[in-house]
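K.L.:
need a 3D model of the sequence below.
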Amino acid sequence: GGADFGNSVVKLTANGLGLADYFTPSNFDDLNAEFSDLGTGGIVLLPNEVGNSVTPHLMVTAGSEGKILLLNRDTGSVGGFTIGSDNVLQELPDAIGQAWSTPAYFNGTIYFQGVGDVLKAYSVANGQISDTPISQSATPAAFPGATPSISANGAQNGIVWTSEALSVASNTAPLAALRAYDAGDVSQQLYSATSLGTRDLAGPAVKYSVPTVVNGKVYVGGDRQVTVYGLTTPKPAEADRFVIAGPNVFQQNIGQYFSVTAVGPDNQPIKLNATVYLATRSFFGEGLRFVGSLRFNNEFNVVLQHSFPTPEFAELIVTDNDGHTGQMGILNLPSPANGGQAQVDHYVLRASRTVRDGDRIPLTIRAVTASNTPITVSAPVDITDSLPDSTIQGVYDSQGSATFAAQTEITFLVTVRGVGKHVFIVTDGAHSGNILITASPR
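P.N.:
Predicted structure coming up:
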């Protein structure tokens, strides 16, 4: 009896908030003396489906003694006070660290995180809590532990959220660190505010702070501060450098295709949304010249057509607004003088311009004069592709080379591998030609 229920679970009447029932631990004197009172923890009312036919109405709590208590919440059966023993449905001594928090419930599982302890998940069914955790996290929480909360899509995709105090400097108050765990297995941490140093830490930590999830955001209360977490806008992809592919020997005033591919730090092509700028640098002429710009529209590579008006050794240069560059050296030969014996000026390539990734297509190479008249030549040529995953399977040589033997044209079979813009290039070392082929997904 008495009117002091400071170390008890109390059930109040709905009308007038009078005492309806209570539970007081049998060792309440010891708990008071050790500052291990039950009142540091909160209560969760469990759904009826985890009870049984005798005791369907359950509630669970724990205090700073670290003992989990399962109680009957029916009036007259909460437990009262009994000398020498506790009249409760179940108790798990020393199950968790000191509880300065309230547990959470989801899908037949109760979640606790006490002081100096890891997050622990206990199953509850048929009126009983599992004797040991069914899963637990790896990271313990300092004082005051953590009050878990749950977000889910109905009964699916449950996430357990905790906010714990984290000391970052000896002369400052601990900051709140938000963590997220898979509700089905809390050993799987989904997010930690500590993963990026102190950038994502919330304000000064306070006791009984509950992460609150609303409309896709998580709100964490602190000392005079609320921190809001949500999905951030991904930083646009940024090229580490650019790779230019195209003929490196050709005649002046003959337009040639060049492929520009954006490459990441791992040397793999990346899709880019950015404008890049083109320039040429003459080694012996007028130096750097701006020649235009290109736009990447969520593409791995773009293609430009360019000709050099004067014979020279030069570089073709591409750069973006962030200072990432790429360059390619070229030799631009003079056009043959008028008159004299006809000779090859460049090569003309013919093939399907639009194919699907993996298509095997014929690629015809014709030798022509400066006036585009076919000419018979005898010379070896090499074929390359701007996308390195492509394979060139030639009827003459599988290595991407062949020989004109008193012919005006020859044909290769080319397997186009890789979605994007391919520039197939043929050169005999002094004369060249190329063709743009776009491969779409199969």
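K.L.:
G420 pairs with what?
P.N.:
In this structure, G420 bridges to A439 when assessed by DSSP bridges.
K.L.:
what pLDDT does it get?
P.N.:
Note on G420: pLDDT of 81.
K.L.:
same question, P388
P.N.:
56.
K.L.:
likewise S335?
P.N.:
Reported pLDDT for S335: 65.
K.L.:
E286 now?
P.N.:
For E286, pLDDT reads 65.
K.L.:
what does D357 give?
P.N.:
87.
K.L.:
got phi/psi on it?
P.N.:
phi -50, psi 130 (degrees, to the nearest 10).
K.L.:
I'd guessed it sits against I437; true?
P.N.:
No - in this structure, D357 is not within contact of I437 by Cβ atoms under 8 Å, at 11.2 Å. For every residue, glycine as well, the C-beta is placed using N, CA and C.
K.L.:
any weak-confidence spans in this structure?
P.N.:
Residue ranges of the chain with pLDDT under 70: 1-2, 169-171, 235, 284-286, 335-342, 387-399.
K.L.:
do a quick rundown of the helices in it.
P.N.:
28-33 (DSSP state H).
K.L.:
related to what we said a few turns ago, give me the common contacts of D357 and I437.
P.N.:
Common contacts of D357 and I437, defined by Cβ atoms under 8 Å, 6 or more residues apart in numbering, comprise V416.
K.L.:
look at those two and report which has more neighbours.
P.N.:
I437 (27 against 16; other Cβ atoms under 10 Å).
K.L.:
excluding its backbone neighbours, what's nearest that one?
P.N.:
Spatial nearest neighbour of I437, excluding adjacent residues (Cβ to Cβ, 6 or more residues apart in numbering): H422 at 4.6 Å.
K.L.:
and for T212?
P.N.:
Counting by Cβ to Cβ, 6+ apart, the residue nearest T212 is Y219, at 4.5 Å.
K.L.:
contact partners for the one you found?
P.N.:
P211, T212, V213, V226, T227, V228, Y229.
K.L.:
do I have it right that the fifth one meets A205?
P.N.:
This means T227. No - counting by Cβ under 8 Å, T227 stays clear of A205, with 10.7 Å between them.
K.L.:
which residues are common contacts for those two?
P.N.:
A176.
K.L.:
so these two - more neighbours on which side?
P.N.:
A205 (25 against 19).
K.L.:
not counting sequence-adjacent ones, nearest residue to that one?
P.N.:
Distance criterion Cβ to Cβ, 6+ apart; nearest residue to A205, sequence neighbours excluded, is A165 at 3.6 Å.
K.L.:
which one of the contacts of Y219 is nearest G433?
P.N.:
Proximity of the contacts of Y219 to G433 (Cβ to Cβ) peaks at Y229, which lies at 56.8 Å.
K.L.:
tally of neighbours for A62?
P.N.:
Neighbours around A62, by other Cβ under 10 Å: 27.
K.L.:
beta partners of it?
P.N.:
Note on A62: beta-bridge partners I68, judged by DSSP bridges.
K.L.:
my guess is it contacts A95. True?
P.N.:
Yes - A62 lies in contact with A95 (Cβ under 8 Å); the separation is 7.3 Å.
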